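>>> need a structure here:
(one chain, ligands or ions: 1)
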Amino acid sequence: MKTVIFDLDGTIFLGKTAIPGAREKIEELRSNGVRTLFLTNAGTRTRKGVKEKLAKMGFEINEPEIYTGAYSLARYLAGNHPGKKAYVVGETGLVEELENAGIKIAREDSDIVAASLDRRFTYKKLAMAQRLLLHGAVLVATNYDYTFPVEGGVRPGAGSIVAAIEAASGKKAISIGKPGTYGFELMQRERGIKREETMFVGDRIDTDIAFARNCGIRCALVLTGVSKNKDIKKIKPDYVFDSIADFTLP
Ligand SMILES: [Mg+2]
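This next block holds a predicted model:
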């Protein structure tokens with residue numbers, strides 16, 4: 001194994017707190033010559049924003065090692081819809097990543113509706129997205145997570161907003177995030193990683209472990225986030241660790 005890809009929330013941190021031992025584990029892997037990369041479905045921050053958030057928790061991780069839903073969606077649109085205009089139902093991090101990739105942000109005459117978590121989502125935005133989609137725009141989304149965990153419960157995630165837009169327009173979104181394989185394909189192209197030398201570590205069976213299975217890479221579940229031992233049913237990880245602190249390479 002030459003590369004380990006880690007999920008972020010629930011795997012190396014929880015909310016605003018680093019998982020104990022996560023930083024040391026990442027440093028240990030690196031000092032043993034293992035490359036570490038990070039893949040999150042989150043679509044509200046830029047790579048730079050995630051780097052800064054991680055730095056506050058004591059992680060030294062560089063932007064090119066961070067793959068977010070926002071960055072992946074921007075690369076997807078730059079590759080598949082170059083020169084097109086996008087209407088964004090999302091937050092400033094997504095707008096910034098799309099602009100970084102040369103996507104023009106527009107309203108009335110957009111060819112694309114780019115959707116993600118938007119904590120200022122309104123009926124007006126839903127109506128605009130609906131109108132564009134009924135006039136032939138393409139619907140793309142950072143991810144399909146209906147909820148995301150917070151201390152003491154869950155909140156509506158990007159998937160809940162995407163579902164509303166799908167219902168209003170009758171169109172199905174192309175989702176870029178896990179369990180889809182686009183993020184891995186992007187890493188293969190940009191970072192030169194190889195399937196047989198890569199391992200994925202995450203906390204959710206329905207996104208992370210399913211993602212690794214879809215990509216054909218080995219994977220480990222950590223029990224510090226969403227999924228627990230009792231949730232392991234049809235989709236099975238190769239390894240289970242209580243925490244990233246206990247993670248070892250096979
Ligand atoms: Mg997670």
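
>>> residues touching the residue in the chain that the ion sits nearest to, list them.
Nearest to the ion, among the residues of the chain, is residue 10, at 3.6 Å (C-beta to the ion). The way it works is simple: take the backbone N, C-alpha and C, and place the C-beta from them, glycine included. Taking C-beta atoms under 8 Å, 6 or more residues apart in numbering, we find residue 10 in contact with 149, 202, 203, 204, 222, 224, 225, 226.

>>> from what I can see residue 208 touches residue 200, true?
Yes: taking C-beta atoms under 8 Å as the definition, residue 208 is a contact partner of residue 200 at 6.7 Å.

>>> where's the closest residue to the residue of the chain closest to the ion other than its chain neighbours relative to residue 244, distance?
Among residues not flanking residue 10 along the chain, residue 225 sits closest, at 2.1 Å (C-beta to C-beta, 6 or more residues apart in numbering). Separation of residue 225 from residue 244 (C-beta to C-beta, to the nearest Å): 10 Å.

>>> residues bridging contact with those two, i.e. touching both?
residue 11.

>>> When these two are compared, which one has more neighbours?
Neighbours were counted for residue 225 and for residue 244 using other C-beta atoms under 10 Å; residue 244 has more, 26 against 22.

>>> That one touches residue 21, doesn't it?
Yes: if you go by C-beta under 8 Å, residue 244 and residue 21 touch, sitting 6.6 Å apart.

>>> Now for the residue positioned nearest the centre of the chain: which residues touch it?
Nearest residue to the geometric centre of the chain (C-alpha atoms, centre = their mean): residue 41, 1.4 Å. Residue 41 is in contact with 68, 69, 142, 143, 145, 158, 177, 178, 207, counting by C-beta under 8 Å, 6+ apart.

>>> what does residue 50 give?
Counting by C-beta under 8 Å, 6+ apart, residue 50 makes contact with 8, 38, 40, 42, 66, 68.
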